[in-house]
Each structure stands twice: as structure tokens, then as C-alpha cells.
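Asks: Here is a sequence together with a model predicted from it:
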Amino acid sequence: MTKSGRKDLFPGALEMMILQTLQREPLHGYALVQHIRRASNDLLQVEEGSLYPALQRMLEAGWVTARWRVSESGRRIRVYAVTSAGAQHLAREVSKFERMLEGIRLVLAPVTR
Amino acid sequence: MRWLDRLRARRTADRDLAEEIQQHLDEKTEDLVRDGMSRDEASWAARRAFGNVTLTRERGRDVWRWALVEDLASDARYALRQLRRSPSFAAAAVLTLAIGIGANTAIFSIADAALLNPLPFPHPDRLVTVNEIVPLIGQRPIRLTAPDLVDFEQQSRSFDALGGWTPATAELSGGHESEQVQTVRVTASLFAVLQVPPALGRTFTADEDRDGATVCVISDGLWHRWFGADPDVLDRTAHLDRVAYRVIGVMPRGFEFPPRGMLQGTRADVWVPMSLTPDERQARGDSWDYNGIARLKPGVTVAQASADVDAIARHIVDDVLARQLTFSALVRPMGEQVSGSVRPLVLALLGAVACVLLIACVNVANLLLARGAGRQKEMAVRVALGAGRGRLLRQLVSEALLLALLAGLAGGLLAWWSLDAITRVVPGRFAALAQGHFNWPLLLFTAGIAVGTAVVVGVVPGLAAGRGVGFETLADRARSTGGAPNRRVRAALVVTEMALAVVLLVGAGLLVRSFDDVLSTGAGFEPEGAVAGHVDLPENGYRDVARQQQFYRELLERLRARPTVEFAGIGTTLPLSGRRSERVFVPDEYTPPPGAGFNIAPMTVVSSAYLQAIGARLVHGRYFTRQDGGRGEPVTIVSESLARRYWPGRDPIGRRLKWGTERASRRPWLTVIGVVADVKLDALDAPGNVQIYVPADQVESPGAPGPERDVTIGRSVFVVVRGRGTADALEAGLRETVRGLDARLAVAGLQPLTETVSASAAPQRFNMLMMAGFAGMALLLAAIGIYGVVAYSVAQRTQEIGIRTALGADAGRVVRLVLREGLALAALGVAIGTVAAAALAPMLKTLLYGVKPLDAPTFAAVAVLLLSVAVAATYVPARRAARVDPTLALRSE
């Protein structure tokens, strides 16, 4: 059984990171995991068990498209790319997230009066 | 075909996902190998990091919306497979629930019709009956006299309308073979009270009512049967008692008045104007034969309306009757009276079916618990193979739902069929019950209860199984440890159902004893060997009393001349017919206690051989003879109760009584020449009554001097024939003789007196059969329940029993051990049930006759019966336990 080491930061965080990553360049699942881990300096570890259901959800929602391709190493990979709907969704989510972050920062900031 | 595309897309998505995950794992493995791991290690590490592949795929699949439907389908398929794998479990559970659901739906449907919607008229809550209470007669509300009805109708202010009705029968002739039909004399205002317009034509006007117009309104049934649904039926004629009545209206289909439950016998087909005769209008304080019915004005309460009519009654008592006779008047909701007579029975039946459903649920809970325990391992395996908690839960729920669905279907069929059967055998007195219709919402409701039960008892153990899973369960150590609390719950369930079964059996037992008592007490006459029917001489042609008497004389002579006939008689009542005519009389040599009211007794005018013909038992003196004629001394025969009440401790023969209220009246004294046993006039379970018989030949002939109107035998009589040979032959002889005298005359309700008796016992038989049926179900279910628990416990204790056997316990000892377990449960259940039954039995009181609610023999018999059933049910697993092979039992560990 899976041990529940994966804890979403908050609902929607995983999707946001995936969309952000894919906006830079279309990637397949394994590469996505690697990229997020490297980009976050190993701070964030995407649980593979959550990644694929999330990708399925996003496909269904029309935020990403998937295409089968053969990689440079000759492996059949499924590459995901962001759609315009996905890009809009990401923009909305990012601005929401930034507002939230700003709020949190204000609350946590030392009182300077 | 969008959904087809969708399905194809889903298939592809699933395949893509599977490949994608595989590629992911391969890629990771290769990376790890590159980092210096062995391929096997790398492959394992990759899989471990990924987690549960199946689960991931399932969750990925869940994204596509069809998942829900497909999962349900697969759940249902899987559930079906599971049930098919254990067919005896499935059959037991489905059947048990089906019985509970079916019985409940049927009885609730009946109760719904009988208690909640007994009146098929608009705004039934505003319909009331108007009654009088005459303290001299008793405290029971009775019907009205004709002049009181007229006064109430004219003077009351609380009602939109107030009307009266009184039932009668009539010979319907012309064009077809004549038949006796149920007619009702109704006031013109009655249809305004009911607020049901005719489907064709119109109803009476007040003028037609007052003037005695020969017009009639007919039922939809008669319109079809007699007039072939002729659309031009209006202004055609119906010959009632050989008088032409013009048809002026046809009531709509389904219209029934009086409503079922208010009239014994068949439904009415013809309504004629009440047209009170001058005699009837003047009969103050006499003949309480008129039913009053009214519709409350909006906003007027029953209490206000009661006060209104009572004020009118007080006025009549003070000003008209000059306080010679006092009475009060009241109104009562009509619905209550239609359903009132069946209320105790319906409530008892509701209680009984609720018990059955409860037992059924307990039983299924037991079965599911046993299965749940047995499936812990299966659940553990499925969890290990990657099934999510939600998925398992859904699986359990869907199994429970499937069970309930099957049971609901079977229960629906059962309800349908039994409702049909029940409403067909409902005795006349409970006619309100026969309106029960199959009630879909109720089926869903009861099925819902069953589903709830199934889900709770199916899921709880399943969840427990799912939570505790892991190696331990897989390694099968749970077998010896997991059972104990479970077993305690199941034991408690069995005790519960035993207790419920006791309650039901006690109820049924009491009703069986009651029925037995009703039959064995006897009705005061000998039904064997006699047949009786009813002859109504139409007024047209038999208006003359002399003509009537000539007809009766010839009829009796011809009957007596038949070789097989021993006694032939006519009388104005027949035992158990419900037909009676009460008269006020004064007994001689009797000092009434202070404040005593009038002396009232049902009077029967009889021909000389009537009492012998019905087989009334002679207690003292003699029967009437043909010498007790017009010129002889006026004589009478009274019932045992009457002799005992008025002349206690004295020889009743030679005592005297006269009709009326005053000793000083010029009416003749009637001398008592005989005493017969009390004959039940209304019902077998009615108490014995004072009764007076007078010979027909002494009824005053027309024109005879007399200060008041006097009795005549009338045009409506019962003919009773006692003789040798079959009942069929006697009936044929009677019919033939009547037709020989008047070819158009029909004999109504001709049947052996034995059938009259059994029809009268029908309510008790019905109560008993229904209750016994439910008790039987309860007993069966309880037996299955205790068998299940003991059998399961034996299976669990196979090793223990094996060890005992190995240590020298013989078979007898093992059997005793198991029996003791079953009996302990049963005894506890019986004890609790007996206490509960003792608390509940008094509620059956109104249904019982001759048996006390706390009838010790019944309670004892039920206890013995249940304990024996428990022993029998336990014996089977006990024998199995005794045959346990110790070596096998021990080796299996």
C-alpha cells in the first residue's frame, strides 16, 4: 500500500506546478517529475501516484493535450503540452496564489509600526 | 452516438495510461541502473517509489466520468457473482427480507385505505354522523327516529347540509329474471351532504322527497348490469317491488353509499326518496331506524355541532315528549366510524407485520455478520491487491443493495399476491379493509428499511474487516480471535428475534383460543340440517295483510307437505342476520329498580314451527303450536336471559308481559308459555340477550280494535326449513315452492344455517388466520436465526470440539454442549418475550372473546413451542458437532 508521504501543499498546487513547467516546454511524465524536483532543489517531490491521476484530470479539463512520441533514447513517451485554456487557468491560479502569498506574508511579517 | 465515442475514448485513455506508467517505471529503472543499482533492485525501487500502480490507474480512470456508471455495473456484476457463489446465503437473505417487505407492504396498504382514507367523498374530514343517546336503551350512540331527523334537518345551523338514510331491499323486475337489490331510502339533502354529483341526470328534489315520487337514482354497476349502459337510461323505468320507478340519475363509477363498513351485506344499487309516511313522521320516541349524516360548515367544530343538535334534542324532550323519554344528540366524525370497527384489528396487524419485518432484518443482519466474519480474509486480499477503502465500501454497499433490490422485487410480488388474497377473504364486517390497493410508495418505504438494515449490517463488519487488515488477517490468525465480540452481537440478535416471535405467537395463540371459544359457545340454535332464505313480498300485490297471510299460510302448508321437510317456519328475524326490531314492553310481577328505564327487547314474530325450524333449544315449557291462534289466549315465548332478568328464581311459565310502556294500557297481557336459549341475532361474539317471540297468528288483523298500532308480520320474512336430505335439496325445494306460489318472487340469501354461522365467525377466523400467519413466519425466521447462530458457532469451535472429543468427550456430551448454547439463547429470548407479550396483550382485548389477555395456557404453550423449535433447530448443528473427527479438526490448524 502507498504510504501517504505525499501531502499536497494546498489544493491545486500540483496542477499549478505542472502547468508552469509544461508552459516552459512540453514534457512527458517522468521528465516532469525530474524537472519539478530539480527546479525546487529537491525540496518538492512529486508523488508519481498523484501525478498521473492529476494529468488525467487536466486532460479531461482540456488544460493540456497529450501526444505520443519517440524520445531521443528511442523510448515511446507521451508528451504533454499546455493549451490556451490551460494557460488561462494557470494565470488565474497564479494571481490567486500570489494574492494569498501576499496575505500570508503580511500576517507573518514582524510588526513595524 | 456520443456515448460510444466517449466509451472508445475512455478505452484509449486507459490503455495510454497503462503504457505511460509502464514507460515511466522502465525509464526510472534504467536511471537507477545507470546509477549503479542491479536491475532487479532498480525495478523494485522504481515500483516502490511509484506506489500502488493499480490504484493509480483506477484513480486515473476515475477522472473519466463514465467511471461511476461502469464501476456500478462492475460492482453489480461482482456482487451478483458473490451471491451466486453462496446461493444458500443469498436465498435465505432474499427470502427473509422479501417476506418482511411483502407482508409490510400488503398490511400497510390495507391500513392506509382502512384508517387514513376510509371515506371516498370530497372533504371527508367534514362529514359527520348524527346520533342520539337514549339512556333508557343504553349509553351507546344509536340512530335517529324519523321525526327527530326532520327536526334536526330543519333546525340545525352547523351544517352545510344534513340528510338521512335507511337501508332496505327490493325486488327488481322487468325484462330480466327478477333479483333482490340493496336499496337505500335517502332524503333529498343527502346528495348535498356527500357532494358527489351524478354522472348522468340528476338527484332528487325536496319536492320529490316530500311527495313520495316514484323516481330513483341507480349505481353505475346496475346501469351496466340491468340497463346495458344505455346512454338513454334516463326516464326508463326500474320495477322495484313491482312499482315502476323512473330512473332520473346514474351515480359515477366507484360511488358507494353507504360506504363499506357502515352497511352489512352487498353494496347499494338503487337510491329512492326517503318520503317519510305520516306514520313514520309521528313515531316520536319509537323506531330509531334512521341514520343521520351531515356536512359541517367550514370552521364549525364537531363539538359546536354536537352542542347545536343537542340543544334541539333538549327542546324535543322538554316540549314534545314532556320528559317521558329523555335523550341527547351528538355528532361524530364519520371516518372514525367507518374505520373504527377495524381499528383494533388493523393496529394489531400493523404491530404484527412490524415485528415480522424486524425479525427479518435481525435475521439478515445475522447472516451478513456471519458472512462478514467469513470474508475478512477476502477483504484483506483485496486491500493487499490495491483496492481502495472507498472501493471496498462501495462493493459492500452494492452487495447489500443488490440483496435489498432482489428482496424488494420478491417482496413486491408477494405483497401484490397477498393483498389480492387478503382483500378477497376479508369478511363483510371488515369491508373497509377490502379497499386496500397496492401502494408503491409503501413498497419503496419498506424496501428502504430493508436496504438500510442491509447496508448497516453489511458494511459495518466489512469496514472492521478492512481496517484491521494486514498480514495477520492474511495469515489467518483472525479466525480464533476475531469471532468473540461478533458472536456476542449475533447472540443478542437471536435473543431479540426469539422475544419478538414470542410476542407474535402469544397474540396468535390468544386469537386461536378466542375463535375456538366463539365457535364452541354456540349461538343458541342448531344450524345443522336447516336452510333459510329471505322473501320480500312486493307491496304492489301484497298490500293487504290478508293477502300476505294467505301467502304465508299456503307457503308453509306446501313446505310441510314435502316428504323431506320436518319443520318449516317463517319469522321476522333470523339468527346472526343482524336484523332486529326492538320493542318496549312491561313485564308483570316485576318492580323496576329506581331510575330504571324502559324494558326493551328485540321482538320476533314467528309462525308456529319457526323455533323448531331454527333449532332453538327449549329450556322450559313448550313451543308454539297451531292452537296459539287468533282466538286463543295471547301467548309468548321468551329467552333465558329475559326470564332470568325479570323473574329471577321464579318459574317463568305463566308470567305475563305486555307491549308498551304502561301497565294500565288496554293492550292484552301475553302469557309466557315457554323459554328458549338466547339466540345470537347479530354476531357470535355478541353477549346473550333478552328476546321475545310472538306467534304470527296472534298479530292483530286489519281493522281489529286496538288503541295503538300493532305489530304485523309484515312483507319481509325469513323462511326456515329443517329436514332430511342435503342442504341443496332443501334449498331447491324451498325455491320451487315459492316460485310455485308466485313465479316472479325470488328467495334471497338462501343458504344452510351452518354457512350463516361460519360467515358470522369469519371476522374471528380472519383475525386468527392473519395473526397465525404472521406468527408462523416469525417462528420460521426465528428458527432459521437460531440455527444460523449455533451452526456458525459450531463451525468456529470445530477445533475446540475436536480437542474435547480427543480428550474423551463422547458424542452425547458434545450434543448436550451445543444444545445448551442454543437453549440458553432461546430461554433468554422466551423470558424477555413473555414479559413483553404480557405488557402488550391487553391491547388485543377488543379482539378477544372468552379469553383473558393474560391467558396462562397460551403463554405456557408458546414458551414450550418456541423452546422445542429452538431444540430442533439446534439439534442439526449439534449432531454435526458430535461427528467432528478430532484428528481432522486438530490437523487443520
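Replies: Structure's in. What do you need?
Asks: Check which helix or strand residue B:763 maps to.
Replies: helix B:762-796 (DSSP states H and E).
Asks: in that helix, what counts as buried?
Replies: By neighbour count on 16 or more other C-beta atoms under 10 Å in any protein chain shown, the buried set for helix B:762-796 is B:762-775, B:777-794, B:796. In short, each C-beta sits where N, CA and C put it, glycine included.
Asks: Check stretch B:119-138 too.
Replies: B:119, B:121, B:124, B:126-134, B:137.
Asks: so for it, what's the average pLDDT?
Replies: Average pLDDT, stretch B:119-138: 85.
Asks: Tell me the secondary structure at the residue in the stretch 101-250 of chain B positioned nearest to chain A.
Replies: Residue nearest to chain A within the stretch 101-250 of chain B (C-beta to the nearest C-beta): residue B:101, separated by 39.7 Å. Here residue B:101 is helix, with the state taken from DSSP: H, G, I helix; E, B strand; the rest coil.
Asks: Quickly note the distance from it to residue B:416.
Replies: 12 Å (C-beta to C-beta, to the nearest Å).
Asks: rewinding a little: other SSEs contacting the helix holding residue B:763?
Replies: Other elements packing on helix B:762-796 under the criterion 3 or more C-beta pairs under 8 Å, 6 or more residues apart in numbering or on different chains; DSSP states H and E are helix B:87-111, helix B:343-374, helix B:389-425, helix B:483-521, helix B:811-840, helix B:856-882.
Asks: and the ones you listed as JSON lines, adding mean pLDDT and mean neighbour count?
Replies: JSON lines is the format used below for those (pLDDT from 0 to 100; neighbours: other C-beta atoms under 10 Å in any protein chain shown):
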{"stretch": "helix B:87-111", "mean pLDDT": "82", "mean neighbour count": "24"}
{"stretch": "helix B:343-374", "mean pLDDT": "80", "mean neighbour count": "23"}
{"stretch": "helix B:389-425", "mean pLDDT": "79", "mean neighbour count": "19"}
{"stretch": "helix B:483-521", "mean pLDDT": "81", "mean neighbour count": "21"}
{"stretch": "helix B:811-840", "mean pLDDT": "87", "mean neighbour count": "18"}
{"stretch": "helix B:856-882", "mean pLDDT": "87", "mean neighbour count": "19"}
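Asks: check contacts around residue B:593.
Replies: Contacts here follow C-beta atoms under 8 Å, 6 or more residues apart in numbering or on different chains; on that basis residue B:593 touches nothing.
Asks: helices or strands next to the lengthiest strand in chain B in the packing?
Replies: If you go by DSSP state E, chain B has its longest strand at strand B:159-173. With contacts taken as 3+ C-beta pairs under 8 Å, 6+ apart, strand B:159-173 sits against helix B:146-155, strand B:179-186, helix B:190-194, strand B:237-240, strand B:291-296, strand B:530-536.
Asks: Out of the ones you listed, flag the one nearest residue A:39.
Replies: Proximity to residue A:39 (C-beta to C-beta) singles out strand B:291-296 among these, at 84.0 Å.
Asks: strands paired with that closest one, and their directions?
Replies: Sheet pairing of strand B:291-296 (DSSP bridges) gives strand B:127-133 (antiparallel), strand B:159-173 (antiparallel).
Asks: Out of those, flag the one nearest residue B:867.
Replies: From those, taking C-beta to C-beta, the stretch that ends up closest is strand B:127-133, at 50.0 Å.
Asks: and the closest one, how far from the chain's centre?
Replies: Relative to its parent chain, strand B:127-133 has a centroid offset of 25 Å by C-alpha atoms, centre = their mean, to the nearest Å.
Asks: Helix B:146-155 and that strand, what's the angle between them?
Replies: 130 degrees (axes from the mean of the first three to the mean of the last three C-alpha atoms, to 10 degrees).
Asks: Excluding residues flanking it in the chain, which one is nearest residue B:203?
Replies: residue B:191 (4.2 Å; C-beta to C-beta, 6 or more residues apart in numbering or on different chains).
Asks: for residue B:579, that is, sorry about that
Replies: Closest to residue B:579 by C-beta to C-beta, 6+ apart is residue B:573, at 5.0 Å.
Asks: give the contact list for that neighbour.
Replies: B:579-581, B:602, B:604, B:681, B:718.
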